[in-house]
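In: let's see this in three dimensions:
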Amino acid sequence: MPKRSYPFSESFSSQYKVHVGQKELNNCGVFGLKYRQEVYEKTKNLLFNGTKAMMGRIWKADAAEKASDARVSDQTAVSAAPGHQTLLKGQTRIGLDGRLQRANAAAGCAAAPSACCVCQRVSGSRKPCSQCERPACAACIQECNICSDRCCSLCAVTDYSERYERVLCCSCSS
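Out: Prediction:
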């Protein structure tokens, strides 16, 4: 009886060169938990230091504004609550009840350019979106199939789950 043939191809080798990088060491290595903890701590420190630096700038700017407000208050009465910030039109703030409140345009603020909020075209007429109140042109405004509100395509969701597609505003889609 003849010998059995060799079942593997001639190019088969049980020894392959495998690249082991930092990712493989982090996931499967002996010190993987230590490496992941170091990366986590470094990322956390970067985030906290960035926030502290940003808040430091804001606090310095607030202190400078308060000093200038103190000078201005001698000339005019300032009726602003402590910590009150002027908001642009369309911006929201958290009210005392915990809900978002929309702010009117602040007095003395420069008006935003009247370009479409979606396509950024300046030409043509624009209507405010019922969701975000930003101006959108007629090509970018869509009507919700449920509540019939007109909203920009940024605030609209297209639902493809039924036979025909439906446009839904953010409040109706949730």
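
In: so the residue nearest to D149 when sequence neighbours are not counted versus V157, what's the distance?
Out: Excluding the flanking residues, the one nearest D149 by CB to CB, 6 or more residues apart in numbering is S130, at 4.1 Å. Glycine gets a C-beta too; all of them are placed from N, C-alpha and C. Distance of S130 to V157, given as CB to CB, to the nearest Å: 14 Å.

In: same question for R121.
Out: In terms of CB to CB, R121 sits 23 Å off from V157.

In: who's more crowded, the two?
Out: With neighbours defined as other CB atoms under 10 Å, R121 and V157 compare such that V157 has more, 16 against 12.

In: so which residues of this protein form helices?
Out: Remark: helices assigned in the chain by DSSP state H are 22-28, 32-75, 170-173.

In: tally of neighbours for the closest residue to Q131 other than its chain neighbours?
Out: Of all residues not flanking Q131 in the chain, C155 sits nearest, at 3.8 Å (CB to CB, 6+ apart). As a burial measure, C155 scores 23 neighbours (other CB under 10 Å).

In: I'd say K127 and R134 touch.
Out: No. K127 lies out of contact with R134 (CB atoms under 8 Å); the separation is 10.2 Å.

In: tell me, what residue is most central in this protein?
Out: Most central in the chain under CA atoms, centre = their mean is L154, positioned 13.1 Å from the mean C-alpha point.

In: who's in contact with the closest residue in space to it that isn't next to it in sequence?
Out: Spatial nearest neighbour of L154, excluding adjacent residues (CB to CB, 6+ apart): V118 at 5.8 Å. Listed by CB atoms under 8 Å, 6 or more residues apart in numbering, the contact set of V118 reads A136, C137, C140, C152, S153, L154.

In: for R166, same thing?
Out: Per CB under 8 Å, 6+ apart, neighbours of R166: N145, T158, D159.

In: N45 too?
Out: With CB under 8 Å, 6+ apart, N45 has no contacts at all.

In: pLDDT below threshold where in the chain?
Out: Along the chain, the parts satisfying pLDDT under 70 run over 8-15, 58-59, 61-91, 103-113.

In: from Q120, how far off is S114?
Out: 11 Å.

In: same deal with G98?
Out: Distance from G98 to Q120, by CB to CB: 34 Å.
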